[in-house]
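*Asks:* okay, sequence plus prediction incoming.
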Amino acid sequence: MPRYASTWAEYKHIRSRYPRIGIHIHYRPIFRPPLCLPSVPDMDPGAQNKGIPDRGPTVFAVTTATLALATLFVAARLVSRVGIMRRAGFDDYSLVFAWLIAVLLSLAVCLGVKRGLGRHDSDVDPARLAGLRMCEYVFSILYVCIARLVVLGHV
């Protein structure tokens, strides 16, 4: 019958005392809650979160840079396949379609930033919250479509 040690020191003590005589011992730590809970900032929903920065400009910059980089690579692929080899396959058409959806996705993210994406929920203007949720919904649908089309292009 296995014996369970609740602390690492107890496990090492039993292992050193009975090194190889067939005693099965397992280290299974016991969860002990912390003695004191960490302090939580003011959770009033109406309070402005001064410590949480607005990440909207960063989201906008990363989205724009990623779209520009994707455009560069799609254009290079099309130049090499259509311009040099003089043929385009199904994977090229699906890649162009995925790029068009990526443009729409980037547009949804940029519109979301305008409506409050990147800010804490309590800092978003309640009048813009419905538009922000719509942008997030459109973004999630388009993201799944792009992921599937890119995989389809590599088949």
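*Replies:* Thanks, I have the structure now.

*Asks:* report the contact partners of residue 145.
*Replies:* 98, 101 (C-beta atoms under 8 Å, 6 or more residues apart in numbering). Every C-beta, even on glycine, is put in place using the N, C-alpha and C of the backbone.

*Asks:* could you redo the last one with a cut-off of 6 Å?
*Replies:* Residues in contact with residue 145 (C-beta atoms under 6 Å, 6 or more residues apart in numbering) are residue 101.

*Asks:* can you say which helix or strand has it in it?
*Replies:* Element membership for residue 145 (DSSP states H and E) is helix 129-153.

*Asks:* which parts of that helix are buried?
*Replies:* Neighbour-count burial for helix 129-153 flags 131, 132, 135, 138, 139, 142, 146, 149, 150, 153 (criterion: 16 or more other C-beta atoms under 10 Å).

*Asks:* from these, which is closest to residue 102?
*Replies:* Nearest to residue 102 among these is residue 146, at 5.6 Å by C-beta to C-beta.

*Asks:* contact partners for the closest one?
*Replies:* Counting by C-beta under 6 Å, 6+ apart, residue 146 has contacts 98, 101, 102.

*Asks:* pLDDT check: weakest of the buried residues of helix 129-153?
*Replies:* pLDDT across the buried residues of helix 129-153 is lowest for residue 153, at 64.

*Asks:* quick one: which of the buried residues of helix 129-153 is nearest to residue 72?
*Replies:* residue 150 (16.0 Å).

*Asks:* ok, now which ones touch the closest one?
*Replies:* residue 98.

*Asks:* outline the domain layout of the protein.
*Replies:* 1-32, 56-153 (automatic domain parsing).

*Asks:* winner for burial among those domains?
*Replies:* domain 56-153 (a mean of 15; mean count of other C-beta atoms under 10 Å).

*Asks:* do a quick rundown of the helices in this structure.
*Replies:* For the chain, the helices defined by DSSP state H cover 8-17, 56-78, 90-115, 129-153.

*Asks:* how about residue 56, nearest residue that isn't a chain neighbour?
*Replies:* residue 118 (3.3 Å; C-beta to C-beta, 6 or more residues apart in numbering).
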